[in-house]
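Visitor: Structure for this input, please:
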Amino acid sequence: MDQKKFVVIGLGGYGLVHINAVRWLERQGMGKLVGVVALEVDRAARPDLVESLKSGGVTLYESVEDFMNTGVRTTDILTVPVGIHQHVPISIEAMKAGLDVYCEKPAAATVQEVDALIGAQKATHKTVTIGFQHIYSNSIQRLKRLICDGALGHVHSVSLLCGWPRSLQYYARNDWTGKMRLRDSWLLDSPANNANAHYVLNALYLCSPAPQCAGVPEVVRAELYRANAIESADTVQFRFVTGEGTRGHILLTHANRREVGPLMKLECETGTVYWQSDNGNTCIRFKGGKVEGFDNVTHPEWRYDPFKDLVEALHEGREPLCTPLLARSQTLAVNLMHESCPRITSIPDAFVEHAEDWEIFPPNTKGNFRRIKDLDEQMTVAFLEGEFLSALGVPWATSRGTKEIFGEGYTRFPQHSRAEDFLSPTSGPA
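Guide: Numbers count the residues shown, from 1 in each chain. As a prediction, this is how the structure comes out:
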């Protein structure tokens, strides 16, 4: 197998993960890092890495424009770990220049952008994979096979709970985190469209009995909240129904006290699945009394598997697993979520506590947090009961202003509301 040549955008942030992933491919003789788009600020922050890359023959480009003008002919694949609003424009530019693309998740903020990406892919005959690496995990793939083979039967419902605290520093790390929009570009940044987007797609993926398809949400109702002084939501809850008739219930937050999950429960025709985190285990209790379980981890570098799948797909002349079309289901769910609840409810200060604590990401650092009091317990009850927080009588929760939204024929965000309806004049706590 010939090595595929890679250029990575970014010397900091998630670009470092992409660099490490390509290095992992190098050790297997499958890929080679030939270039990195490295801004001056990131070079100054990581002089040892810069020296290591240069000594290894890796070309450093000053900007994406610099790479497009001078480096396109040196590589086969461009990886795009950049802001959500930049995913599609850069990926399309790369494809038009003759490159295949590894684009970070989510595919885009809006379905019309994903559709433009799919259109460009068809026009250029290039390959794009979306970096939802968790869909490649041992547990999700084993469950998908059991669903597709009929061992679990029809998936009646899927529930997802995840609480990953994020600090004020997290929201200040760049110019787009926590925002609905940046200038003329939609972002719709939230737990459902960034840190926990992986698990939203996993849930949709397991809703479909077709091997390389995700369930498509046809009906969505949402409640959206924020404890932080941001434009978008840091706490989201929504229900959906797919075309296959599977019901979904998603609860995600960055404003709780402790790390919770991700946890997922699937009620299936022949049994119930309990899935506990990427590094945990899966338990299946079949209706006849049989219990089956397995570990969710197979090897330490499993998060790099989509890079390997892309290289293998190119050599084998097939599509990679996570195509833009598959990833579109997650984008559609997020768009319908915001259409259902265009105005985000700000949590009153009386229900918010302040604390300094250790970060989950980046690790070994401390941050300042705004936490919704008792949220961990409230979300757990909502997860177990299958109810909205407002229906449980949580004092700050409300269903006011939300509505049921239908996804059939949905091709553009916003479609059911005006753009200005999503940009509340109150950004943050009331």
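Visitor: Please, where are all the helices along the stretch 101-250 of the chain?
Guide: Here the stretch 101-250 of the chain has its helices, by DSSP state H, counting those that start in this stretch, at 111-124, 138-148, 168-171, 197-207.
Visitor: now the strands for the stretch 301-430 of the chain?
Guide: Counting by DSSP state E, counting those that start in this stretch, the stretch 301-430 of the chain has strands at residues 345-346, 352-358, 366-372, 405-406.
Visitor: nearest to residue 61, of those?
Guide: The minimum distance between residue 61 and those falls on strand 366-372, with 32.1 Å, by Cβ to Cβ. (C-beta placed from N, C-alpha, C; glycine too.)
Visitor: If you count contacts, what does that closest one end up packed against?
Guide: helix 168-171, strand 352-358 (3 or more Cβ pairs under 8 Å, 6 or more residues apart in numbering; DSSP states H and E).
Visitor: quick one: strands adjacent to it?
Guide: As defined by DSSP bridges, the strand partners of strand 366-372 come to strand 352-358 (antiparallel).
Visitor: Okay, buried residues for the partner strand please.
Guide: By neighbour count with 16 or more other Cβ atoms under 10 Å, strand 352-358 contains the buried residues residue 352.
Visitor: residues making contact with it?
Guide: 165, 167, 227, 255, 364-373, 429 (Cβ atoms under 8 Å, 6 or more residues apart in numbering).
Visitor: What subset of those is buried?
Guide: The buried subset of those - by 16+ other Cβ under 10 Å - is 165, 167, 227, 255, 367, 369-373, 429.
Visitor: Please verify my assumption that residue 411 contacts residue 116.
Guide: No: using Cβ atoms under 8 Å, residue 411 is not in contact with residue 116; the gap is 11.2 Å.
Visitor: Which one of the two is surrounded by more residues?
Guide: Between residue 411 and residue 116, residue 116 has the larger neighbour count (other Cβ atoms under 10 Å), namely 17 against 10.
Visitor: Give me the most central residue, the chain.
Guide: Nearest to the mean C-alpha position of the chain, by Cα atoms, centre = their mean, lies residue 197 at 2.7 Å.
Visitor: circling back: would you reformat the strands of the stretch 301-430 of the chain as TSV and include distance to residue 41 and mean pLDDT?
Guide: TSV is the format used below for these (distance: least, Cβ to Cβ, whole Å; pLDDT from 0 to 100):
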stretch	distance to residue 41	mean pLDDT
strand 345-346	33	97
strand 352-358	26	97
strand 366-372	21	97
strand 405-406	41	97
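Visitor: Any idea which of those strands gets closest to residue 416?
Guide: strand 405-406 (6.1 Å).
Visitor: Distance from the closest one to the middle of the chain?
Guide: 22 Å (Cα atoms, centre = their mean, to the nearest Å).
Visitor: And that strand, what does it pack against?
Guide: Strand 405-406 packs on strand 217-226, helix 324-340, going by 3+ Cβ pairs under 8 Å, 6+ apart.
Visitor: out of these, deepest packed?
Guide: helix 324-340 (a mean of 26; mean count of other Cβ atoms under 10 Å).
Visitor: Just the mean pLDDT for it, thanks.
Guide: Averaged over helix 324-340, pLDDT sits at 98.
Visitor: and it, what other elements does it pack with?
Guide: Helices and strands touching helix 324-340, by 3+ Cβ pairs under 8 Å, 6+ apart, are helix 111-124, strand 128-131, helix 197-207, strand 217-226, strand 235-242, strand 405-406.
Visitor: For the fourth one, which strands pair with it and how are they oriented?
Guide: What it means is strand 217-226. Strand 217-226 has the following sheet partners, assigned by DSSP bridges: strand 235-242 (antiparallel), strand 345-346 (parallel), strand 405-406 (antiparallel).
Visitor: For the first one, give the mean pLDDT please.
Guide: The predicted model assigns strand 235-242 a mean pLDDT of 98.
Visitor: what does it rub up against?
Guide: Contacts of strand 235-242 with the rest of the structure, by Cβ under 8 Å, 6+ apart, involve 190-192, 204, 207-208, 215-227, 247-255, 333, 336-337, 340, 347, 372, 375, 382, 388-389.
Visitor: and the direction of that strand versus that of helix 324-340, what angle?
Guide: 120 degrees (axes from the mean of the first three to the mean of the last three Cα atoms, to 10 degrees).
Visitor: Please work out how many residues are found near residue 47.
Guide: The burial count for residue 47: 9, using other Cβ under 10 Å.
Visitor: now swap in residue 119 and tell me
Guide: Considering only other Cβ under 10 Å, residue 119 is surrounded by 12 other residues.
Visitor: same check, this time on residue 42
Guide: Residues near residue 42, counting by other Cβ under 10 Å: 19.
Visitor: can you pull the contacts of it?
Guide: Residue 42 neighbours (Cβ under 8 Å, 6+ apart): 10-12, 15.
Visitor: Residue 36: which of those residues is nearest?
Guide: residue 11 (5.8 Å).
Visitor: With adjacent residues omitted, what lies nearest to residue 302?
Guide: The shortest distance from residue 302 to any non-neighbouring residue, by Cβ to Cβ, 6 or more residues apart in numbering, is to residue 137 (5.9 Å).
Visitor: Can you tell me how far that neighbour is from residue 305?
Guide: 8 Å (Cβ to Cβ, to the nearest Å).
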